[in-house]
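J.: Need the 3D shape of this:
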Amino acid sequence: MSQTEFKYKQAIIVRTDLKMGKGKLAAQAGHAAVSSAEEARKKSPKWWQAWLREGQCKIAVKVKDLGAILELEREAILMKLPHSLITDRGLTQLPPSTITCLGIGPAPTVQIDKITRELPLL
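T.: As a prediction, the model looks like this:
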């Protein structure tokens with residue numbers, strides 16, 4: 001099944017201006033994936049279940065700064081998509097309360113694409 005055949009997917013959006021190390025970036029992206037999937041499980045269980053059955057399609061994309069990630073969160077809110085904005089605790093590389101990633105979905109691919117289609121892959 002190619003990505004274009006998935007009816008549901010999840011998007012992980014990462015800020016590149018923070019220059020996180022690979023491990024930090026992976027951990028933050030993991031937080032975004034789990035947290036937004038949990039939101040979908042609670043608020044959009046039919047989408048969540050369909051996404052699980054299809055194989056949990058995800059895309060990882062990047063944005064240049066805080067303003068861009070907050071704009072994407074605003075769009076997700078307006079579209080009523082499950083999402084989770086990730087804020088770091090500041091125990092290692094980043095100051096406390098640094099917004100690092102945004103998870104959107106799982107949700108219908110056509111809706112996710114309306115927000116993320118123009119973003120470059122991570």
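J.: doesn't residue 61 make contact with residue 16?
T.: No - counting by CB atoms under 8 Å, residue 16 does not reach residue 61; the two are 10.2 Å apart. Quick note: C-beta positions are derived from backbone N, CA and C, even for glycine.
J.: out of the two, which sits in the busier spot?
T.: residue 61 (19 against 14; other CB atoms under 10 Å).
J.: Run a quick neighbour tally on the closest residue to the more buried one other than its chain neighbours.
T.: With sequence-adjacent residues excluded and distances taken as CB to CB, 6 or more residues apart in numbering, residue 61 is closest to residue 119, at 3.9 Å. For residue 119, the count of nearby residues is 17 (other CB under 10 Å).
J.: Residue 69 is in contact with residue 119, correct?
T.: No - look at residue 119 against residue 69 with CB under 8 Å: they stay out of range, at 10.5 Å.
J.: Give the intersection of the neighbour lists for those two.
T.: In terms of CB atoms under 8 Å, 6 or more residues apart in numbering, residue 119 and residue 69 are both contacted by the residues 13, 63.
J.: check contacts around the spatially most central residue of the chain.
T.: Nearest to the geometric centre of the chain sits residue 103, at 2.0 Å (CA atoms, centre = their mean). By CB under 8 Å, 6+ apart, the residues touching residue 103 are 10-13, 31-37, 83-84, 86.
J.: Out of those, flag the one nearest to residue 115.
T.: Nearest to residue 115 among these is residue 11, at 7.3 Å by CB to CB.
J.: ok but the closest one is inside a strand, no?
T.: Yes - under DSSP: H, G, I helix; E, B strand; the rest coil, residue 11 falls within a strand.
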